[in-house]
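Participant: Structure, please.
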Amino acid sequence: MAEQTMTRVVQLPSRGQITLPTDFRRKLGLAEGDLLRMTLIGEKIEIQPVRTADARLRQYTEAEVQQFLEDDKIDAETAAAVRRLLATDAL
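Facilitator: Okay, the predicted model is just below:
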């Protein structure tokens, strides 16, 4: 059985953000906070849902983060940058 093809034309706003059409999100079972993998293939952008056993990312304790940074021998400036990113959920 052939897969149904869904096509939409969207306009790219100044900040480069796009909205996935509702029927696409429903078809793929996507919800707010789900992770998507974007891949540039030649002149095409491929977007795939990231499916994991637990879609939420694990939250590390401060002690775990400290141990990771020590184990990786990251300098103080890089460690501070990592902590800032973790605090803002940017990682």
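
Participant: which outside residues touch whichever helix or strand L69 is part of?
Facilitator: Assigned by DSSP states H and E, L69 belongs to helix 62-71. Contacting residues not belonging to helix 62-71 are listed as Y60, A79, V82, R83, L86 [CB atoms under 8 Å, 6 or more residues apart in numbering]. Yep, even glycine has a C-beta here, placed from its N, CA and C like the rest.

Participant: how about the nearest residue to the last one, chain neighbours excluded?
Facilitator: Here the nearest residue to L86 in space, its sequence neighbours aside, is V65; by CB to CB, 6 or more residues apart in numbering that works out to 6.5 Å.

Participant: how close does the one you found sit to T78?
Facilitator: From V65 over to T78 the distance is 13 Å, taken as CB to CB, to the nearest Å.

Participant: Now do the strands in this protein.
Facilitator: For the chain, applying DSSP state E gives strands covering 36-41, 44-49.

Participant: average pLDDT for the longest helix anywhere in the chain?
Facilitator: When the chain is scanned for its longest helix (criterion: DSSP state H), the result is helix 76-87. Mean per-residue pLDDT for helix 76-87: 84.

Participant: now for it, which elements pack on it?
Facilitator: Applying 3 or more CB pairs under 8 Å, 6 or more residues apart in numbering; DSSP states H and E, one finds that helix 76-87 contacts helix 62-71.

Participant: Nearest residue to the middle of the chain?
Facilitator: L35 (4.4 Å; CA atoms, centre = their mean).

Participant: Once you drop chain neighbours, what's closest to it?
Facilitator: V50 (3.9 Å).

Participant: these two touch, right, the one you found and M38?
Facilitator: No - counting by CB atoms under 8 Å, V50 stays clear of M38, with 10.4 Å between them.

Participant: Tell me where the model's unsure across this structure.
Facilitator: Scanning the chain for pLDDT under 70 picks out 1-2, 52-57, 89-91.

Participant: at 90 instead, please
Facilitator: Scanning the chain for pLDDT under 90 picks out the ranges 1-13, 15, 18, 31-35, 50-91.

Participant: Got the domain ranges for it?
Facilitator: The chain breaks down into these domains under automatic domain parsing: 20-55, 58-91.
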